[in-house]
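*Asks:* Need a 3D model of the following:
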Amino acid sequence: MELCRAIEAWPRPIFVRDSWRARLALFRGSPRWIVETESPPFAARVQELLDRGGFDIVVALQLGAARYVPRRRQIRALVEEIELAGLYEQLTQAPSAWQRARYGLTWLKHRRYLRRLLQRFDACTVVSEPERRLLLSAVPSAPAVHVIPNAIEIPPLPCRPRL
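*Replies:* Sure thing, here's the model as predicted:
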């Protein structure tokens with residue numbers, strides 16, 4: 001049984017917080033990193049491959065790739081490893097009112113973005129039950145959410161002070 005006919009590697013766009021695109025994205029409804037790291041050539045390539053057909057499922061690894069899955073398609077789609085806890089912790093643990101407002105705006109943009117994005121998918125995965133609950137509280141209309149824990153748990157290494 002053939003599982004993979006080809007692999008293509010694409011550079012991962014880097015989020016540059018101080019770029020002009022990222023600054024202008026402050027005034028847009030989507031999260032800044034989504035606007036700043038958009039890759040029209042990659043979007044076109046994904047669409048070209050899907051138009052060619054022959055796939056059983058589209059699997060988007062994390063949110064950065066999920067945006068390239070088109071709204072209308074003939075095959076099922078899964079977004080894997082949605083991670084929101086770090087972003088939510090920034091909001092809940094922000095030390096100042098200014099930071100709470102800033103992270104609050106970021107959290108609202110992410111929730112809004114996820115509500116639109118996840119409509120494209122049949123299912124999604126997270127790595128823990130707390131992450132599943134957080135996703136469902138942020139996006140009650142999320143598709144089927146499955147918990148797939150990390151494969152291995154690495155015990156902490158003893159810390160040796162440098163002398």
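
*Asks:* In the protein, where is pLDDT below threshold?
*Replies:* Applying pLDDT under 70 to the chain picks out residues 1-2, 153, 157, 159-163.

*Asks:* Nearest residue to the residue nearest the centre of the chain in space, please, no chain neighbours.
*Replies:* For the chain, the residue nearest the mean C-alpha position is Leu63 (1.7 Å; C-alpha atoms, centre = their mean). Nearest-residue entry for Leu63: Ile82, 6.4 Å, with adjacent residues in sequence omitted and distances by C-beta to C-beta, 6 or more residues apart in numbering. In this view, the C-beta of every residue, glycine as well, is placed from N, C-alpha and C.

*Asks:* Pull the contacting residues for that neighbour.
*Replies:* Gln62, Leu63, Leu114, Cys124, Thr125, Val126, Glu131, Leu135 (C-beta atoms under 8 Å, 6 or more residues apart in numbering).

*Asks:* of all those, which two lie farthest apart?
*Replies:* Farthest-apart pair in the contacts of Ile82 is Leu114 and Thr125; separation 14.1 Å (C-beta to C-beta).

*Asks:* Those two - which one has more neighbours?
*Replies:* Remark: of Leu114 and Thr125, Leu114 carries more neighbours, 22 against 18, as counted by other C-beta atoms under 10 Å.

*Asks:* chain center to stretch 64-71, what's the gap?
*Replies:* 9 Å (C-alpha atoms, centre = their mean, to the nearest Å).

*Asks:* That one: which residues count as buried?
*Replies:* For stretch 64-71, burial by neighbour count (16 or more other C-beta atoms under 10 Å) applies to Ala65, Ala66, Arg67, Tyr68, Val69.
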